[in-house]
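# okay, structure incoming, though there's no sequence with it:
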DNA sequence: TTAGGGGTTTCGGTTTGCCTAAATATTTAC
DNA sequence: GTAAATATTTAGGCAAACCGAAACCCCTAA
């Protein structure tokens, strides 16, 4: 069992990320699309990860993490989210700008430096997008949340998390003063226009694209 | 001209480092030894770097940086030294522990994050070992220094820099309360024992190995 | 002045991680 | 229930960066 490469870490992290907020296990083609690489490349790496005992995979079937794989994946996610938190709290970044930087640093930071950051930030429980930061032992404190895109009219709640996958959307949301912690109420779900209307605490109305509503999770 | 890989950055940084405190250009075999790789691997990479206009090299001759190569090299050195300074000032590292961490992070940090660090640290001029931090334009403020190993008996001066190449020696020196800024006087140069004796301001005497004396630079 | 010998380069080979194209398996849709 | 569409895997290739072994260059010392 050798230590993982940046590429392997990205696979594990992405597989983990897919099941973090929904139960369906990920398939090779979806994983390939998420990573932006060819499906055949996924087949190859999956074979290696399965051989190392990090992944379970029956040919033509979906991918699931073994306990060892889950631990490795949460370790990467922990690094990613602590780095994002540090970028915002110490280095003057905004919450919609940290993803790319963390994406790279998560593969280079040592355990020691990570712990120094964690201590310095006072062991934060959530990153700037509202995602829970896994503990060093791999445990994650998850709060029940529903996707804004699936909320019914009249639903009221707090924004718990906004997926950091698409920075352009994050910037738009930040410009609309919607961020983790924002309270909002669904006025009407997507109708003919496909846009979802929400009201902010100050009474202002915002129209959200389906893409945006698919990234926002609110309290149930 | 594509952007450099971590490997290429290490070559350029090492070539630069060799001439920073002495004039002789580096040869392929010395470069290979410094990088801990085979000479044949150096030949290959040197060809690529020369083709990109970063290096001058006539077959069987020494290696010199072009202006473009010098700029690329000082950019890496700048990243390395700013990261070291940050690790000490913000993250609770000691000056003898930062090298390995910086060695990795120097290849992953973005320009933006580097500038945020630089600003946060108040644009420092020297790293924790006393080495000058190159400016963003590649310029370096170098102070005249002589190698302790070559100082004559009676020479008095301040420790300006201690090369960070060997962490074991750095730890020994730190344990002996010798670090950048320390004042010291050479009592006698290496004699039969090969050890160099220096006196500290408080009157204490230290014996330094030739290896240690070859890493310490004092004011002239 | 020529024979070593040490430094340098060439050559073929390895690993990692990606690719495209083609083959194969599975699912869906009629 | 079979044919078309879709998903997955296999096969062959490529680039980066390394290796060891063998060939080559050059300088020096007898």
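Thanks, I have it. Keep in mind that what you see is a predicted model, and the values were worked out from it rather than measured. Numbers count the residues shown, from 1 in each chain, chains lettered A, B, ... in the order given.

# the helix or strand where residue A:173 lies vs chain B: in contact?
Using DSSP states H and E, residue A:173 maps to helix A:167-175. No - judged by C-beta under 8 Å from any C-beta of the partner chain, helix A:167-175 stays clear of chain B, getting no closer than 13.7 Å. Heads up, the C-betas are built off the backbone N, CA and C, glycines and all.

# which parts of that helix are buried?
A:169, A:170, A:172, A:173 (16 or more other C-beta atoms under 10 Å in any protein chain shown).

# strands along chain A, start to end?
A:55-57, A:63-65, A:145-147, A:156-162, A:183-188, A:196-199, A:205-208, A:216-219 (DSSP state E).

# pLDDT averaged over the fourth one - what is it?
So the one you mean is strand A:156-162. Strand A:156-162 carries an average pLDDT of 92.

# likewise stretch A:82-96?
For stretch A:82-96, the per-residue pLDDT averages 96.

# how far out from the middle of the chain is it?
Distance of stretch A:82-96 from the chain centroid (C-alpha atoms, centre = their mean, to the nearest Å) equals 15 Å.

# with stretch A:93-105 instead?
That offset, for stretch A:93-105, works out to 12 Å (C-alpha atoms, centre = their mean).

# what of stretch A:140-158?
Relative to its chain's centre, stretch A:140-158 lies at 15 Å (C-alpha atoms, centre = their mean).

# so which bits of the longest helix along chain A are buried?
Secondary structure assigned by DSSP state H gives helix A:67-91 as the longest helix of chain A. Neighbour counts over helix A:67-91 (16+ other C-beta under 10 Å) mark A:69-70, A:72-88, A:90-91 as buried.

# out of those, which are close to chain B?
Applying C-beta under 8 Å from any C-beta to the buried residues of helix A:67-91, one finds that A:87, A:90, A:91 fall near chain B.

# low-confidence ranges in chain A?
By pLDDT under 70, the weakly predicted segments of chain A are A:1-2, A:189-192.

# just to revisit the earlier point, angle of the longest helix of chain A against helix B:67-89?
Relative orientation of helix A:67-91 versus helix B:67-89 (axes from the mean of the first three to the mean of the last three C-alpha atoms, to 10 degrees): 90 degrees.

# looking at the strands of chain A, which one is packed in the most?
Scoring those by mean neighbour count under mean count of other C-beta atoms under 10 Å in any protein chain shown gives strand A:216-219 as the most buried, with a mean of 23.

# point to the residue nearest the middle of chain A.
residue A:163 (5.0 Å; C-alpha atoms, centre = their mean).

# distance of residue A:115 relative to residue A:121?
11 Å (C-beta to C-beta, to the nearest Å).

# now whichever residue of chain A sits closest to DNA strand C: how far from residue A:72?
Residue of chain A nearest DNA strand C, by C-beta to the nearest atom of the strand: residue A:5 (2.8 Å). Going from residue A:5 to residue A:72 by C-beta to C-beta gives 12 Å.

# residue A:146 now?
Distance of residue A:146 to residue A:72, computed by C-beta to C-beta: 29 Å.

# domains of chain A?
Domain segmentation of chain A under automatic domain parsing yields A:1-142, A:145-219.

# just confirm residue A:113 contacts residue B:91, I think it does.
Yes - using C-beta atoms under 8 Å, residue A:113 is in contact with residue B:91, at 6.5 Å.

# if I pick the nearest residue to residue A:116 once chain neighbours are set aside, what's in contact with it?
Distance criterion C-beta to C-beta, 6 or more residues apart in numbering or on different chains; nearest residue to residue A:116, sequence neighbours excluded, is residue B:91 at 4.5 Å. By C-beta atoms under 8 Å, 6 or more residues apart in numbering or on different chains, the contact list for residue B:91 reads A:113, A:116, A:117, A:120.

# burial count for the second one?
When you say that, I think you mean residue A:116. 19 (other C-beta atoms under 10 Å in any protein chain shown).

# isn't it right up against residue B:86?
No - the criterion here is C-beta under 8 Å, and residue A:116 misses it with residue B:86 at 11.0 Å.

# OK, contacts around the closest residue in space to residue A:153 that isn't next to it in sequence?
Leaving aside its sequence neighbours, residue A:153 sits nearest to residue A:188 (C-beta to C-beta, 6+ apart; 5.1 Å). Residue A:188 sits next to A:153, A:196, A:197 when contact means C-beta under 8 Å, 6+ apart.

# give me the beta-bridge partners of residue A:188?
residue A:197 (DSSP bridges).

# nearest to DNA strand D, of the domains of chain A?
For the domains of chain A, proximity to DNA strand D was assessed by C-beta to the nearest atom of the strand; domain A:1-142 is nearest, at 2.7 Å.
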